[in-house]
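**Student:** take a look and give me a structure for this.
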Amino acid sequence: MSTKLRDLIRNIRSCKTAAEERALIKKEQALIRESFSANESEYRPRNVAKLLFISMLGYETDFAQMECLHLITANSYNEKRIGYLALTQLFNEKSEVLMMATNRIRIDLNNPSNYIVSLALMALSEVCTSEMCRALSGEVLKLLQNGTAYIKKKAALASTRIVTRVPEKIDEFSQKVELLLDDRHHGVLVASLQLAQHIFVIQPDQKQRFQKFVQPMVRIFKSIYSTYSAEYDIGGVSDPFLQIEILKYFRIMCQGNLQLSGEVSDILTQVAANTNNTKNSGNAVLYECVKTIFGIESSSTLKTLGINILGKFLQNKDANSKYISLYMLQKVLKHDLQAVQKHKQTILECLKENDNSIKTLALDLLYVITNETNVKGIVKELLNVLLSLTEEDADFTKELTNKICQIVEKYAPSRRWYIDTFIKILILAGNYVEEDSSSSLIHLIIGTPELQSYAIHKLFFSLQENLNQEGLARTAAYCIGDFGHLLLKGDATAVDNTPIQITEEEILDLLKKLIEKPNQKNVIKEYVLSALIKLYPKVSNSQQLIANLIQSQINSTSIEVSKRASEYYGLLDLQWDQHRAGICEQIPPSDSHKSIYENKPIGDVEYDEYPPAKTELEQAKPVTNNESTRIYGFDIDNLIGNQDQNQSKQQTQVTNQLPGDLFDPFDITLNLSGTQTQSQPASQNFNQLTGIGELQIKQETQQYQQQQQQPINLLQNLYNQNINLHQQQQFPFQQQQQQQFPFQQQQQQQPLVNLPGDIFDLNLQPLQQKSLPQTLPNLMQQQQPIIQPQQQQQQIIQPQQNEQKSLTQQAIAFDDGALQIEFRAVKETFDQTNITAYFNNKTASPITELQLSFAVLKYMKLQLTQPTSSTISGNSSGQVISTLKITNSNQGQKGIVMKIKVSYKINGLIIDKEVTFNKFPPEY
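**Tutor:** Okay, here's the model as predicted:
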């Protein structure tokens, strides 16, 4: 006995292997063949239905085609339904037996039952050869004219296939379409409009024939909004299918016609303004409306409205809405580029999506809207996104890196900015930078003598901290070979105008690390070997070391590396002494690369352009050392935790400055946690922060003298290593001033807090007090007794009762139902406000691993202490507190605004939220 369809499906799904499934299908097919051979007509519909399911799984079912013809010739509606369904799925236009169904379909088209006629029309619209279309077109034309609304809409769909297969029949069907467009049944209108659109595509000259229906369609569109029918309501939108088809009709008919475009502009404005965009049905209508706006001769105001609709789509959480919006925005750029640029920030937010297709579209769109005026802001945001990517996003990282390189090459405002930004890219994603892009940077440096010293110093220090970045290694190695002598000249100066001295040993030690790095790529070794041979005539004390490094690569397993090493080592022979310098001289600028930079200005050679070298929050901290002060390393490396810990060479210290959060509209971001670690030695090497990868060549020393009269700024070590505040160092002239005015040494020290940047999620910790190293004997003699950190914290937290407070204010800064942060502010002076933050746990469960990040705007300065604990007991109030001191330079004009990022753990869940606080009145 034949099994039922549901039993077959259950048995197939229970198969555990593909071989088991194939055996089951083969057995079932054999049983079905036996049933067909025995002419068991009662089981024929069931067997054909099972073959339909088997066909969906990809198995061959051609032997059942004749049985399908037997079913469509049956008198029973149920048998015809299975037969016509099998006809559309098991047959194709190349099936030899399909022509045998032509006469049966003609008979069914003339059947008095509308349901049987609809089955025949369905089959005709799905699978039909050109011969069948010619033979059956007459019956379909009769149904278009005389059928009921139910039959007309199905006949219109069948007509769409006929005019596609037999274009010569278009004139006959166009006449019938004119009659159908006068029908008021929504289903007939939808089908007839689709038929008309197919006719326009095949024969565009037919558009003239249907222009007279534009006004009737406008009236129909208005009636849809004016009357409500529950029959056509979908998601709160009245018949979105008919609206979409009418909008498509408008787009085709009004294209290039200014008069008709004016007639439909009002209805398009009404659709854009009144359609509900909270459901997919409304979004579908709005999307089609936008396509129509940009497909006709609409006004600039209407086009701006369309772009704003796409901007709203970008703000939806639905990924499909974002995708179609980004796709459409790329199409409309030629109409109004400035209107699209207004949505730049929303497009940038799309780069944070998990869907790679959305991120790719957003990146392509950003590349198009970038120009000379907004390139700095867009590149800054793209670098921020690049920094947040992980190894799992390798494909998008490569695409993003190459896109940033193309933007920099095309729109860089100056050569100086080009160098600065490109080195940032090399530091962040040097492994993904293409060799052509690195080559463009090298040629720019070669063609700009004014920036060669600046560029080689930046590349040298960057490479010291980022040996794993291949693109940086290639570029730096090449430039060291050509411009290594500029590192030895000592022309570059630090912040106190002392020369930056780099020795031959330091340069060769860096190249040695690079070439001897385990699993180093051969192409990097080739670059290093070329750099070594170019350096040979330029050094005097390390030529033997260069010879040894070249000789060590002669036995390399790489043929190219071994060949280069052998040839370069032979070039060190005495017979080449007179010609070696000429052979190794710098390659002249390439004419093919001049177009990239020749029209760009050089830029400021001495000071940072982006970000500015000096900001409101940059405050210098003087440093004393017996050696000359120099810059060693770059801030981007410190930001990602790659500080050079080499203590074998005594390195000088420099002033740590605070440029602020380079990727955030807020200037400073502070991270607070409740744990502590051991302090670092005072002789530790610190880096100067003036921007990501920015090397400040000169700076005024007056700032150091002003710092003597101010408390220590807690923010000046924001993204750098920990500095013990009690080990403040002075320049010699400042030491003399302090000997004359010893009372200045008695200023109360501020406690050190954990100060990493919010976007890099570092976890630098406060320092515990240790004795000063012996390298600073003079400083040890001049320091006054040091207040212990615990005493300092008590002094900061405990309110000073003796001072008069003019204003007080309190507000809830953060409340998510579990953790509540309450601010109590006291007006200290005209421009200074002291805030005590009380942390309240509103649940019975303890809160652990509490971490905070604060960000303030540039016109404010922030000093603060760490929370008293990173754990808050359940149902507690004010158990954990922290203090903030804010100085507002725009007092009376702008109030206190800050971002607060809170992260904590409760009941095993990690909570991470961010809020903006601005509840204090302007006088604060």
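**Student:** and the pLDDT at residue 561?
**Tutor:** Confidence at residue 561, expressed as pLDDT, is 92.
**Student:** isn't it right next to residue 525, touching?
**Tutor:** Yes. Look at residue 561 against residue 525 with Cβ atoms under 8 Å: they come within range, at 4.9 Å. In short, each C-beta sits where N, CA and C put it, glycine included.
**Student:** need the residues touching each of those two.
**Tutor:** Contact criterion Cβ atoms under 8 Å, 6 or more residues apart in numbering; residues shared by residue 561 and residue 525: residue 553.
**Student:** which is the next helix or strand following the longest strand seen in the chain?
**Tutor:** Scanning the chain for the strand with the most residues, using DSSP state E, yields strand 876-888. The C-terminal neighbour of strand 876-888 among helices and strands, as given by DSSP states H and E, is strand 898-906.
**Student:** pairing partners for that following strand, with directions?
**Tutor:** Using DSSP bridges, strand 898-906 pairs in its sheet with strand 848-856 (antiparallel), strand 909-917 (antiparallel).
**Student:** quick one: the ones you listed as JSON lines, columns for distance to residue 872 too.
**Tutor:** JSON lines is the format used below for the strands paired with strand 898-906 (distance: least, Cβ to Cβ, whole Å):
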{"stretch": "strand 848-856", "distance to residue 872": "7"}
{"stretch": "strand 909-917", "distance to residue 872": "12"}
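**Student:** need the winner for burial among these.
**Tutor:** Mean neighbours per residue, mean count of other Cβ atoms under 10 Å, is largest over these for strand 848-856, with a mean of 21.
**Student:** residue nearest the centroid of the protein?
**Tutor:** residue 351 (2.4 Å; Cα atoms, centre = their mean).
**Student:** could you find the closest non-adjacent residue to that one?
**Tutor:** residue 385 (4.7 Å; Cβ to Cβ, 6 or more residues apart in numbering).
**Student:** which helix or strand contains the one you found?
**Tutor:** Using DSSP H and E, residue 385 falls in helix 375-388.
**Student:** just the buried positions in that helix, please.
**Tutor:** If you call a residue buried by 16 or more other Cβ atoms under 10 Å, then helix 375-388 has these buried ones: 375, 376, 378, 379, 380, 381, 382, 383, 384, 385, 386, 387.
**Student:** tell me which of those residues is nearest to residue 49?
**Tutor:** residue 385 (52.9 Å; Cβ to Cβ).
**Student:** quick one: contacts for that closest one?
**Tutor:** 348, 351, 352, 400.
**Student:** stretch 158-174 spans what distance, first to last residue?
**Tutor:** One end of stretch 158-174 to the other measures 14 Å (Cα to Cα, to the nearest Å).
**Student:** got it, and stretch 28-48?
**Tutor:** For stretch 28-48, the end-to-end distance is 12 Å (Cα to Cα).
**Student:** run the chain-centre distance for that stretch.
**Tutor:** Offset of stretch 28-48 from its chain centre (Cα atoms, centre = their mean, to the nearest Å): 58 Å.
**Student:** mind listing what's buried along that stretch?
**Tutor:** Across stretch 28-48, burial judged by 16+ other Cβ under 10 Å covers 28, 29, 32, 35, 36, 43, 44, 45, 46, 47, 48.
**Student:** list the buried ones in the helix or strand hosting residue 569?
**Tutor:** Assigned by DSSP H and E, residue 569 belongs to helix 559-571. By neighbour count on 16+ other Cβ under 10 Å, the buried set for helix 559-571 is 561, 562, 564, 565, 566, 568, 569, 571.
**Student:** doesn't residue 331 make contact with residue 368?
**Tutor:** No. Using Cβ under 8 Å, residue 368 is not in contact with residue 331, being 11.0 Å away.
**Student:** rebuild the buried residues of helix 559-571 as a markdown table, extending it with distance to residue 301.
**Tutor:** Shown next, in a markdown table, are the buried residues of helix 559-571 (distance: Cβ to Cβ, whole Å):
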| residue | distance to residue 301 |
| --- | --- |
| 561 | 65 |
| 562 | 70 |
| 564 | 65 |
| 565 | 69 |
| 566 | 72 |
| 568 | 68 |
| 569 | 73 |
| 571 | 71 |
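**Student:** ok, of the buried residues of stretch 28-48, which one's closest to residue 76?
**Tutor:** Comparing the buried residues of stretch 28-48 against residue 76 with Cβ to Cβ picks out residue 45 as the nearest, at 8.6 Å.
**Student:** can I assume that closest one is in contact with residue 71?
**Tutor:** Yes. Using Cβ under 8 Å, residue 45 makes contact with residue 71 at a distance of 6.5 Å.
**Student:** tell me where the stretch 401-550 of the chain has helices.
**Tutor:** Taking DSSP state H, counting those that start in this stretch to define them, one finds helices in the stretch 401-550 of the chain at 415-429, 435-446, 452-465, 470-489, 504-515, 522-535, 543-551.
**Student:** run the chain-centre distance for the longest one.
**Tutor:** The reference is to helix 470-489. Mean-position distance between helix 470-489 and its chain equals 32 Å (Cα atoms, centre = their mean).
**Student:** just the first one next, same as before
**Tutor:** For helix 415-429, the gap between its own C-alpha mean and the chain's C-alpha mean amounts to 19 Å (Cα atoms, centre = their mean).
**Student:** equivalent analysis for the fifth one, please.
**Tutor:** Going by Cα atoms, centre = their mean, the spacing between the C-alpha centre of helix 504-515 and its chain's C-alpha centre is 37 Å.
**Student:** poorly predicted segments of the chain, please.
**Tutor:** Applying pLDDT under 70 to the chain flags residues 1-2, 494-496, 604-807.
**Student:** so what sits opposite residue 826 in the bridge?
**Tutor:** Bridge pairing for residue 826 - DSSP bridges - gives residue 808, residue 834.
**Student:** coming back round to it: identify the contacts common to residue 45 and residue 71.
**Tutor:** With Cβ under 8 Å, 6+ apart, residue 45 and residue 71 have common neighbours 79, 82.
**Student:** surely residue 860 touches residue 887?
**Tutor:** Yes. The pair residue 860 / residue 887 is scored as a contact, 6.6 Å apart, by Cβ under 8 Å.
**Student:** ok, residue 920 to residue 899 distance?
**Tutor:** Separation of residue 920 from residue 899 (Cβ to Cβ, to the nearest Å) stands at 15 Å.
**Student:** equivalent analysis for residue 317, please.
**Tutor:** 22 Å.
**Student:** and those two? which has more neighbours close in?
**Tutor:** Legend: neighbour count by other Cβ atoms under 10 Å for residue 317 and residue 899, higher for residue 899 (20 against 6).
**Student:** and that one, bridged to which residues?
**Tutor:** Going by DSSP bridges, residue 899 forms beta bridges with residue 855, residue 916.
**Student:** which residues touch it?
**Tutor:** Listed by Cβ under 8 Å, 6+ apart, the contact set of residue 899 reads 666, 669, 853, 854, 855, 856, 914, 915, 916, 917.
**Student:** and what of residue 28?
**Tutor:** With Cβ under 8 Å, 6+ apart, residue 28 has these contacts: 3, 8, 50, 54.
**Student:** cutoff 10 Å now
**Tutor:** 2, 3, 8, 11, 12, 47, 50, 51, 53, 54, 59 (Cβ atoms under 10 Å, 6 or more residues apart in numbering).
**Student:** okay if I get those residues as a markdown table plus distance to residue 136 and secondary structure?
**Tutor:** Converted to a markdown table, these look like this (distance: Cβ to Cβ, whole Å; DSSP: H, G, I helix; E, B strand; the rest coil):
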| residue | distance to residue 136 | secondary structure |
| --- | --- | --- |
| 2 | 34 | coil |
| 3 | 37 | coil |
| 8 | 35 | helix |
| 11 | 41 | helix |
| 12 | 37 | helix |
| 47 | 29 | helix |
| 50 | 30 | helix |
| 51 | 26 | helix |
| 53 | 30 | helix |
| 54 | 30 | helix |
| 59 | 31 | coil |
